[in-house]
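[1] Starting from these lines, generate the structure:
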Amino acid sequence: MSSAQKKQLELMKIEHRDLDQAIEALRTAGTRDEMQIARLKKRKLKLRDEIAHLEDQMIPDIIA
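    Take a look at the predicted model:
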C-alpha cells in the first residue's frame with residue numbers, strides 16, 4: 001500500500017469518527033432533523049465500505 005493510500009485511509013477513518021460524533025450530537029441536542037441524521041448515517045456507511053475496501057487491498061491474497 002502506498003503512502004498516499006495510507007494517508008487516504010487515515011483521513012477516511014477520521015471522517016467516519018467525526019460523522020459518528022456529529023450524529024450523536026444531533027441526537028443529544030434534541031434535533032428532530034431526521035433527514036440530516038439519515039444523510040450522515042448514509043455517508044458513514046459509505047465510508048465504512050470504502051475503508052473496508054482499502055484495508056482489503058492492504059492484505060495480500062494468500063494461496064493455500
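[2] CA atoms for contacts and neighbours, from now on please.
    OK.
[3] Phi and psi next, for Asp33.
    With angles defined as degrees, to the nearest 10, Asp33 shows backbone torsions of phi -80, psi 80.
[4] what's the answer for Lys42, then?
    phi -60, psi -40.
[5] For Glu15, see how far away it is.
    Using C-alpha to C-alpha, to the nearest Å, we find Lys42 at a distance of 13 Å from Glu15.
[6] out of these two, which sits in the more crowded spot?
    More neighbours sit around Glu15 than around the other of Lys42 and Glu15, counting by other C-alpha atoms under 10 Å; the figures are 15 against 12.
[7] what about the helix or strand hosting that one, average pLDDT?
    If you go by DSSP states H and E, Glu15 is part of helix 3-28. For helix 3-28, the per-residue pLDDT values average out at 93.
[8] And for stretch 34-51?
    Averaged across stretch 34-51, pLDDT comes to 96.
[9] May I have that stretch exported as CSV, CA atoms only?
    Provided in CSV are the C-alpha atoms of stretch 34-51 (Å, rounded to 0.1, in the frame of the first residue of the first chain):
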residue,chain,number,x,y,z
GLU,A,34,-34.2,13.0,10.7
MET,A,35,-33.3,13.8,7.1
GLN,A,36,-29.9,15.3,8.2
ILE,A,37,-29.3,12.3,10.5
ALA,A,38,-30.2,9.9,7.7
ARG,A,39,-27.8,11.7,5.3
LEU,A,40,-25.0,11.5,7.9
LYS,A,41,-25.6,7.8,8.5
LYS,A,42,-25.6,7.0,4.8
ARG,A,43,-22.3,8.8,4.4
LYS,A,44,-20.9,7.0,7.4
LEU,A,45,-21.9,3.6,5.9
LYS,A,46,-20.4,4.5,2.5
LEU,A,47,-17.2,5.5,4.3
ARG,A,48,-17.2,2.2,6.2
ASP,A,49,-17.4,0.3,2.9
GLU,A,50,-14.6,2.3,1.3
ILE,A,51,-12.4,1.8,4.4
